[in-house]
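# Turn this into a structure:
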Amino acid sequence: MDTNIFPPQNAIVTIAMNLDPCQAPAYRERYFATPLDTEECKPLLRNHPDFALPELLAIALDKEPIGGRNLRGNFLLGPFRWLLRRLVRFPKMLLWPENQIWASDGFMRGDCVLDEMPRLKGWLQGAGPVPPKAGAIVLDPGDIADCRVLWEVAEQVEAGFYNYFVSDLAATEVYELHHHSKLFISIHGPSERQSLLDELSKYSEVLEDCSGFASDSDDEDWEGEESDETEPSG
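Predicted structure coming up:
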């Protein structure tokens, strides 16, 4: 079973830390970046009152991500902070890893990744045997232990090399947490997608619209790679 999901060119929305030239030009048409403040080099979004941490997620966070000039933590303070406000709308959510590390007999392949994620590992052990070919686990944003698993996954995305997906139970909204410190958003309905874009445009001071940006390396890197089958990013 392929657990990877990426939307077509005409549907993808990206929220990123910066302009990523590794993202194919055809997938940059709805691209937003989280600008940094000039003093601490942290995402401006973190201080916007509309993106304050939901109470339970704030309790579940052991310590505020450092962020700043070394950039480690800025994904949590920027794109992921934005995402949390979307996720708390769901009574329950689905979480699953990309195909590279997903396993049909244990949710995730091998122990090397899980050993770095003790909360997810403990969650899986407490849930009992994983049903064959289970595609995702169900998390409750109203449960503090589940919130801690979600934080841990986001931290692993920023520090590691693997991607994870989170969605509502019906998968009408799918968010890929990508290890390039960005989110790929797939919303099926055109009107719902437009509503999201309208919402993003209202926060131009903390979410810069960089749609259609160009990179000096585009001609060399992406020649002949403009089909709908191309994945958004390497």
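# contacts, neighbours, all on C-alpha from now
Noted.
# Report the central residue of this structure.
In the chain, the centroid-proximal residue (C-alpha atoms, centre = their mean) is Leu177; its distance is 2.4 Å.
# That one: what's it in contact with?
154, 157, 163-166, 183-184 (C-alpha atoms under 8 Å, 6 or more residues apart in numbering).
# Out of those residues, give me the one that has the most neighbours.
Leu183 (27 neighbours; other C-alpha atoms under 10 Å).
# helix/strand/coil for that one?
Three-state call for Leu183 (DSSP: H, G, I helix; E, B strand; the rest coil): strand.
# Report the separation between it and Val166.
Per C-alpha to C-alpha, to the nearest Å, Leu183 is found 10 Å from Val166.
# Kindly report the same for Arg109.
For Arg109 relative to Val166 (C-alpha to C-alpha), the value is 18 Å.
# Quick check: buried residues in the helix or strand encompassing Trp82?
For Trp82, the host element (DSSP states H and E) is helix 79-87. Within helix 79-87, the residues scored as buried using 16 or more other C-alpha atoms under 10 Å are 79-84, 87.
# hey, where'd the strands end up in this structure?
13-16, 31-33, 93-97, 102-103, 107-108, 137-139, 164-168, 173-178, 182-187, 208-209 (DSSP state E).
# Reformat those strands into JSON lines and put mean pLDDT and distance to Arg72 next to each item.
Below are these laid out as JSON lines (pLDDT from 0 to 100; distance: least, C-alpha to C-alpha, whole Å):
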{"stretch": "strand 13-16", "mean pLDDT": "96", "distance to Arg72": "14"}
{"stretch": "strand 31-33", "mean pLDDT": "97", "distance to Arg72": "16"}
{"stretch": "strand 93-97", "mean pLDDT": "93", "distance to Arg72": "21"}
{"stretch": "strand 102-103", "mean pLDDT": "74", "distance to Arg72": "26"}
{"stretch": "strand 107-108", "mean pLDDT": "74", "distance to Arg72": "25"}
{"stretch": "strand 137-139", "mean pLDDT": "92", "distance to Arg72": "26"}
{"stretch": "strand 164-168", "mean pLDDT": "95", "distance to Arg72": "18"}
{"stretch": "strand 173-178", "mean pLDDT": "95", "distance to Arg72": "14"}
{"stretch": "strand 182-187", "mean pLDDT": "94", "distance to Arg72": "13"}
{"stretch": "strand 208-209", "mean pLDDT": "96", "distance to Arg72": "20"}
